[in-house]
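Student: My questions are about this predicted structure, shown below with the sequence.
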Amino acid sequence: MSPRSWLAGARPPAVWLPERPWNGLRVLDACCGAGGLSMGYHLAGFDVVGVDKEPMPSYPFTFVQGDALDFVADHGPEFDLIHGSWPCQHFARVTAWRGNRADHPDLLTPGRKVMQATGRPYVIENLPEAPLRPDYVLCGSQFGLRVRRHRLFETSWGPCGDLLPPCWHPASLLSFEHKEERAYADAMGCTWMSAKEARQAVPPAYTELIGRHAAQHLGAGQVVA
Ligand SMILES: C[S@@+](CC[C@H](N)C(=O)[O-])C[C@H]1O[C@@H](n2cnc3c(N)ncnc32)[C@H](O)[C@@H]1O
């Protein structure tokens, strides 16, 4: 597969993106959804390309519709950093309560393998109950956001060591039950997507932090995949 052969079929980025200085690096967001975590990488200075199997009309960065496992295998080495938000339903407690885990394939395990095979630094995001090494355990309340939303992040370079304030859950914080409300999407910082799309989204603040750490390591040539 020739380098950047995917570019011809990609949807270009939106014109309204917030300004920020480019850090010279490019990240691939595999299973990008409507772009909550992509926005964090953008704010951290990265150029972002997203891949999702659905058309994702609200996604505001360069977008390719397709299978993320195939795309990472074919084109992952063309990026400085690869992020994977592999679907969480297989591991979600709510699937065990209300559905059947067997109906939702585990893409995290093959996703990690395909990311590692590229030799590029990577970040994987998922639910607290998923089998990830918790290099970062993040909640909206640590960033001053009015949402309780816990997510684990595994990185190829391990934890960064910055101290964050602990979670704090006053009653005024919006919890899971408020998902699919406009206020919840906005409180996460996902103002450009619909409230329905935001059900699956993760606050940009999380990858703005991780992206800055990744860029520091990449700049220093210290990231190992
Ligand atoms: C949890 S959502 C991602 C949310 C995103 N990180 C955000 O912050 O907005 C997971 C996404 O994976 C996509 N997906 C599931 N299987 C996929 C596959 N094989 N290839 C590409 N995308 C896939 C779904 O369509 C969904 O949009």
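Tutor: Okay, I see it. Numbers count the residues shown, from 1 in each chain.
Student: Excluding covalently adjacent residues, which one is nearest to the most centrally placed residue in the chain?
Tutor: Central residue of the chain (C-alpha atoms, centre = their mean): residue 37, 3.9 Å from the mean position. Leaving out its chain neighbours, the residue that sits closest to residue 37 by C-beta to C-beta, 6 or more residues apart in numbering is residue 207, at 4.5 Å. Quick note: C-beta positions are derived from backbone N, CA and C, even for glycine.
Student: any idea how far the one you found is from residue 104?
Tutor: Shown here: residue 207 relative to residue 104, a distance of 24 Å by C-beta to C-beta, to the nearest Å.
Student: Indicate whether stretch 209-222 makes contact with the ligand.
Tutor: No. Against the ligand, stretch 209-222 shows no contacts by C-beta under 6 Å from any ligand atom, the least distance being 12.3 Å.
Student: Quick one: mean pLDDT over that stretch.
Tutor: Per-region confidence: stretch 209-222 scores 81 on mean pLDDT.
Student: The strand or helix carrying the residue nearest to the centre of the chain vs the ligand: in contact?
Tutor: Element membership of residue 37, judged by DSSP states H and E, is helix 36-43. Yes. Using C-beta under 6 Å from any ligand atom, helix 36-43 reaches the ligand at 36-37.
Student: So what touches that helix?
Tutor: 17-18, 20, 27, 29, 32, 48, 50, 59-61, 81, 83, 85, 125, 188-190, 192-193, 198, 201-211 (C-beta atoms under 8 Å, 6 or more residues apart in numbering).
Student: Run through the helices of the chain in chain order.
Tutor: 36-43, 68-75, 93-98, 108-118, 182-188, 195-198, 204-219 (DSSP state H).
Student: The ones you listed: lowest mean pLDDT?
Tutor: Minimum mean pLDDT among the helices of the chain: helix 93-98, a mean of 75.
Student: That helix and the ligand, any residue contact?
Tutor: No. Helix 93-98 lies apart from the ligand when judged by C-beta under 6 Å from any ligand atom; the minimum separation is 13.1 Å.
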